[in-house]
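> need a structure here:
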Amino acid sequence: MSHPRKRRSGVLVLFLLLAALVAALAVGALGWQRYQAFADGPLGGVEAGGSITVERGDSLLKVVDRLRAAGVTGGETYEWQLLGRQLDAASRLHVGEYALEPGTTPRQLLVAMRQGDTIRYRFTLVEGWNIREMRAALTRATPLVQKSAGMSDAELMEALGHPGEHPEGRFLPETYVYGRGDSDLDVLRRAYADMERSLAAAWEARDPDTKLNTPYEMLVMASIVEKESAVAEERPQIAGLFERRLKIGMRLQTDPTVIYGIGEDYDGNIRRVHLTTDTPYNTYTRDGLPPTPIAMPGVGALQAVANPAPGDSLYFVAVGDGSGRHLFARTLAEHQANVRKYLQNYRQRVSGMDRAGESR
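Residues are numbered from 1 along each chain as shown. Down below sits the predicted model:
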């Protein structure tokens, strides 16, 4: 028969053990609640437009230290470590820049870092830009790392792995996405490769009766068509017109090539002296195509040159109404009549603009 005192002692021990277990469960529940509040609660000290960068070789603790140095608050070190293990992110942080906006939670941030959802920036290479305009725009693109600053065009092409090539027309107009740490050379390598692919596709699909002998000649012609009209549906018609001029031995006589030959001295006005002064790019004084492209043609211009529209027109002039469209003619007499229409439309438009300005 057990002693009553021993039974009471056993009950007391059991009670204490149960009490300790309940206390431990309560502490654990509170700890889990605190952890959950940390993982899914917004970080403090975050301002709009903020970001955090993960550099090569960074550990999770290094990233947390960087967050704290930037004034971001939230969580103990062990909580960050636990969340990193839970999300399988601690050893899988992708290098890059990550958005850190008000409301961002630690879980959202670590998932983004695990998946490499970095901030992406955009640079648009505009159809019809020449190499000077493109390079100037690249210098204004932030946070793009500027590696080509100070390079000549020849040095630039060498840095891109294409020594000896003229850079004009070699880069496809498109919007290129990049991340912090990428350089202007990275963007240009992609733009060069895209132009190579687009030009090859256009050359493969070319009209078999074309007078163009090489893909490079197609690139040159496409750059002229690009500069002659911003109206997409006109480009095949203009390409066909130039193709017919080449076939009959007529000079291209296109102002954009003359302007390109003038270079940085061009002040926005093309004069008779420009049309009569011989340069390698003056298609009024020289037969055939200029020696290089004069701009960066887009895919539309390449496709227009590959498949020019049929017809019999040999001349064209702007309508003059500000629409960017052109009047096409088969004969010189028709063309001269169109020129008179252009001048009339132009004068009316300028007069209307002047009256609008006076009324303001």
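
> residue ranges with poor pLDDT in the stretch 1-150 of the chain?
With pLDDT under 70 as the threshold, the stretch 1-150 of the chain has low-confidence stretches at 1-32.

> how does it look with 90?
Counting by pLDDT under 90, the stretch 1-150 of the chain contains low-confidence residues at 1-37, 49, 74-76, 90-91.

> which residues of it fall in helices?
Taking DSSP state H, counting those that start in this stretch, the helices of the stretch 1-150 of the chain run over residues 4-40, 60-69, 77-86, 106-115, 131-139.

> for the stretch 101-250 of the chain, which segments are assigned as strands?
Here the stretch 101-250 of the chain has its strands, by DSSP state E, counting those that start in this stretch, at 121-124, 175-178.

> please export the C-alpha coordinates of the first one as PDB.
Translated: strand 121-124. Taking only C-alpha atoms (Å, rounded to 0.1, in the frame of the first residue of the first chain), the coordinates of strand 121-124 have been written out as PDB:
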ATOM      1  CA  TYR A 121      15.400  49.300 -66.100                       C
ATOM      2  CA  ARG A 122      14.700  50.100 -69.700                       C
ATOM      3  CA  PHE A 123      16.700  51.800 -72.500                       C
ATOM      4  CA  THR A 124      14.900  52.500 -75.800                       C
END
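
> pairing partners for it, with directions?
Partner strands for strand 121-124, per DSSP bridges, with pairing direction: strand 175-178 (antiparallel).

> adding distance to residue 329 and mean neighbour count, write the strands of the stretch 101-250 of the chain out as CSV.
(C-beta placed from N, C-alpha, C; glycine too.) CSV is the format used below for these (distance: least, CB to CB, whole Å; neighbours: other CB atoms under 10 Å):
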stretch, distance to residue 329, mean neighbour count
strand 121-124, 36, 14
strand 175-178, 37, 15
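
> so which of the ones you listed comes closest to residue 294?
Proximity to residue 294 (CB to CB) singles out strand 121-124 among these, at 20.0 Å.

> so what touches that closest one?
Contacting residues not belonging to strand 121-124 are listed as 137-138, 141-144, 173-180, 187 [CB atoms under 8 Å, 6 or more residues apart in numbering].

> check stretch 287-294 too.
For stretch 287-294, the external contacting residues (CB under 8 Å, 6+ apart) are 130, 166, 168-170, 217, 219-224, 227, 246, 249, 251-252, 256-257, 260-261, 280-281, 283.

> now do the buried residues in that stretch.
Of the residues in stretch 287-294, 289, 290, 292, 293, 294 count as buried by neighbour count, 16 or more other CB atoms under 10 Å.

> how about those residues in TSV, adding distance to residue 197?
Conversion of the buried residues of stretch 287-294 to TSV gives the following (distance: CB to CB, whole Å):
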residue	distance to residue 197
289	22
290	24
292	20
293	17
294	22
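
> among those, which are located in strands?
Using DSSP state E to define strands, no part of these is located there.

> ok, residue 211 - contacts?
The neighbours of residue 211, taking CB under 8 Å, 6+ apart as the test, are 243, 246, 247.

> residue 345: which of the residues you listed is nearest?
Using CB to CB, residue 243 is the member of those that lies nearest residue 345, at 27.6 Å.

> okay, now the closest one: neighbour count?
Using other CB atoms under 10 Å, residue 243 has 20 other residues around it.

> helices along the stretch 151-300 of the chain, start to end?
For the stretch 151-300 of the chain, the helices identified by DSSP H, counting those that start in this stretch occupy 153-159, 184-204, 215-228, 235-248, 255-262, 272-276, 299-306, in order along the chain.

> between those helices, which gets nearest to residue 314?
The minimum distance between residue 314 and those falls on helix 235-248, with 6.1 Å, by CB to CB.

> I'd assumed residue 77 was in contact with residue 61.
Yes - here residue 61 reaches residue 77: they are 6.9 Å apart, a contact under CB atoms under 8 Å.

> sorry, back to before: for residue 322, find the nearest of the helices of the stretch 151-300 of the chain.
Nearest to residue 322 among the helices of the stretch 151-300 of the chain is helix 215-228 (16.5 Å), distances taken as CB to CB.
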